[in-house]
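[1] dropping the sequence and predicted coords here.
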Amino acid sequence: MREYWILSKLQLSSLFGINKIVHMKNSPDKKQAKRSVYSLIATAFALAYFSVFYSLALATAFAQIGMLPTLLGLMAFASTMLLLMFSIFETKGVLFGFGDYDIVMSWPVGVRAVAASRVTSMYAYNFIYAALLLVPAGVIYAGMAHPAWWYYPLFILMTLLIPALPTIIGAILGTILTVATARMKKRNIMNILGQMVLVLAIMVLSFRMNTSFTDASSIQGNANAMQSLVEQAYPPAAWFQNALSTGSVADALGMLAIFGISISLLLLFIGKNFVAINSRIKSTPTGETFVMRAQVRSGKVKALFHNEIKRYFSSSLYVVNTAFGYIMLLAAGAFCLVKPEMVKEALRTPELDFARSVIPFVIGWIVSMGTTSASAISMEGKTLWIVKSMPVSARDWLTGKLMLNLLLAVPGVLIGCTMVAAGIGADATEWLWMYVVPLTYAMAFGVFGLWLNIRMPKLDWQGEAEVVKQSASVMICVFAGMAAGAAPAVVAGLTQSPWVQPITVIVILSLTLWMWRSLLKSGERRLLQLN
Amino acid sequence: MLTIEHLVKSYGGDVKAVDDLSIHVYPGDIYGFIGHNGAGKTTTLRAVAGILSFDSGSIRVNGRSILDDPIGCKKDMAYIPDNPDLYEHLTGIQYLNFVADIYGVSGADRDVRIKRYADAFEMTPRLNDLIGSCSHGMKQKIAVISALIHAPKLLLLDEPFVGLDPKAAHTLKGFMKELCEQGSAIFFSTHVLEVAEKLCNKIAIIKQGKLIAAGDMDTVKGDESLETLFLELTDHA
């Protein structure tokens, strides 16, 4: 137990770089690290604000029909699905194959203690995400339902228990995938495909279980559908709801039992196989014997761009986190093509008459979520010395990273938007904005990601998840993309003005140009300051 | 080839990592740079390589200032850090081609040089392996080959022999001498004083950021061994 606490303390002290800030001497590095943490806190507050807004809207609707407790179950279900997907992505890097594996395993500590400390680290990150969703919902519920005193301690306990099962199931699925693909020749691609299939399957299955969205136009119909979703798809979410709303001891004990059993089983499984799995991941098969042939020369930017592509596809976490939006866009496009009449009919209903003008901005938001550049500089990590010591200008270096972003975005947008536009039967103007708006967002967020990341780099990471999922630049980029998609969408939806699209495009392109110029102007200095 | 004048670098606190350091490295020099751990060797090398900013002073490579013309300076230089953190997602040959592309090495030149250096370090058969799967020594060899393939005029090495097997270390020393005979210069840090004594024609000793001795090897060490001199200077200076 003592070993576990020491290792966990080590893990948790590096959470969001707090230890670095505490012990770093006053220097530009410390200022930079502080700025990143402040930005993370600001982003967390912003996300919490959205969570409050969403919970409040749901609570108000549920309260009208006497189904307020459904809010708790629904948010527990939503956070569980989110954590399940995060845990699958995080397994490789946080649980296995982490940077300091060799040194940690060389210490006289038990394998189970090491494994448990890694699970704790994963759980801690997941708990923060869960709390962002659950705490606002819990507070709003308390404000409206005025529960007895026991609600408050029980809510804290239940919120602590909620991340356990999705973390464990996600870790097991991620482990199976990691082990299965570890010795394959194209293991990264296979791992990426496997993760995407798993996440898509989770999404499809969780929504297929809900069969009662029959009366989507009434609050009662929607509420019943959501309650049914919670009960059928994930019973522990219903236990969470019942324990807190009725004080059901059986449901609270059910949650405790799930927590205890799942943690014990995972530790038993991982403790036994921890070394074997890590060895399998770390032992990369050697390539075929090299025979010297004539080598082909490339230009500088092309070489940097190719390196970015190879770096990108070497990390399943990086790919899944950034390409998933495009996969969803393609899936939506395919649905529009396969079921065009259904889509057109839905768009003709009075409740959705605003939707056609909003679609380009929704796609723009999806594109912003797929920004690779927000973590591209941080991903250099310990290898940053290479590019810094080479005769490479900041312009060339950043261009290579921006090109990767466009390499994914342009075909994704062109194919996805063509399918969506064809499916909804868009007119000529709609076709135009369907391409122009998302492509503008792709360019803008490609540049914005670099602009953010060079100011908030995270280069001392041990696992890629710290960069791809938890870094300030990525979170701010996601949040900004949400705002940049939602703001014009709301205006377009409310006003139906044909000027919203062109004005948005001009504003965003102007900002992009300003950011790119700022990057080029200060790029050399900032690149030199990166450490 | 390399002129460092009054270089000062601190990391935010009161202590200066490098304090008023001046060194001149000429074509043909193999200039050794020795000192205790934390004395400022790596900081100096990183500043010269254009990786680290510094507070004051000047660094000129082949007459060009690293501050005013970093790209021009870097075209003439190659740097190998003490820990060869290379792109693990590339194979050895992909990394070498990447470096050759950045430095604009022609197809014909890179074919000849990759073959020559990879054969000498017994790395040719393994160039298809991902760098991530290579041992520390193999990564160090790839880093050395990547530094040599563009025939730098100034080679900066930070503890280059760490991790290399004896044969590879011997091969590297041979290439260092050859490079300098062709008019290039080498500035490198090492803790292996015997190697420095045999290989270098010039030596600099640094203690707590300050240069305490520098110049021709024979002049600096006189009749003493480099080890004796180093211990005397660093313990009492």
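    Structure's in. What do you need?
[2] quick one: A:Leu244 and chain B, what's the gap?
    According to C-beta to the nearest C-beta, to the nearest Å, A:Leu244 and chain B sit 47 Å apart. In short, each C-beta sits where N, CA and C put it, glycine included.
[3] can you check A:Ala142 too?
    Counting by C-beta to the nearest C-beta, the separation of A:Ala142 from chain B is 46 Å.
[4] my read is that that residue contacts A:Leu154, right?
    No. Applying C-beta atoms under 8 Å as the test, A:Ala142 and A:Leu154 come out as separate, 11.2 Å apart.
[5] more neighbours, the two?
    Using other C-beta atoms under 10 Å in any protein chain shown as the criterion, A:Ala142 and A:Leu154 rank with A:Leu154 on top: 17 against 14.
[6] and the residue in chain B that chain A sits nearest to, how many neighbours?
    Relative to chain A, the nearest point of chain B is B:Gly12 (2.9 Å; C-beta to the nearest C-beta). When neighbours are defined as other C-beta under 10 Å, B:Gly12 has 13 of them.
[7] what are the buried residues along stretch A:417-424?
    A:Cys417, A:Thr418, A:Met419, A:Val420, A:Ala421, A:Gly423, A:Ile424 (16 or more other C-beta atoms under 10 Å in any protein chain shown).
[8] mind checking the SS state of the most centrally placed residue in chain B?
    For chain B, B:Leu157 is the residue whose C-alpha lies nearest the centre (C-alpha atoms, centre = their mean; 1.6 Å). With DSSP: H, G, I helix; E, B strand; the rest coil as the basis, B:Leu157 sits in strand.
[9] quick one, what contacts the residue lying closest to it once chain neighbours are set aside?
    Residue nearest to B:Leu157 in three dimensions, not counting chain neighbours: B:Phe188, with 3.7 Å by C-beta to C-beta, 6 or more residues apart in numbering or on different chains. The contact partners of B:Phe188, by C-beta atoms under 8 Å, 6 or more residues apart in numbering or on different chains, come to B:Ile30, B:Tyr31, B:Gly32, B:Phe33, B:Leu155, B:Leu156, B:Leu157, B:Asp158, B:Pro160, B:Met176.
[10] now for these, which pair is the farthest apart?
    B:Ile30 and B:Asp158 (14.9 Å; C-beta to C-beta).
[11] wouldn't A:Met144 be in contact with A:Pro69 here?
    No. Contact status for A:Met144 versus A:Pro69: not in contact, 10.6 Å apart, counting by C-beta under 8 Å.
[12] more neighbours: those two, which one.
    Between A:Met144 and A:Pro69, A:Pro69 has the larger neighbour count (other C-beta under 10 Å), namely 20 against 15.
[13] report how many residues lie close to the nearest residue to that one once chain neighbours are set aside.
    For A:Pro69, ignoring the flanking residues on the chain, the nearest one in space by C-beta to C-beta, 6+ apart is A:Ser245 at 3.6 Å. Each residue near A:Ser245 was counted by other C-beta under 10 Å, and the total is 19.
[14] ok, A:Ser245 touching A:Ala148?
    No. Judged on C-beta under 8 Å, A:Ser245 makes no contact with A:Ala148 at a distance of 11.1 Å.
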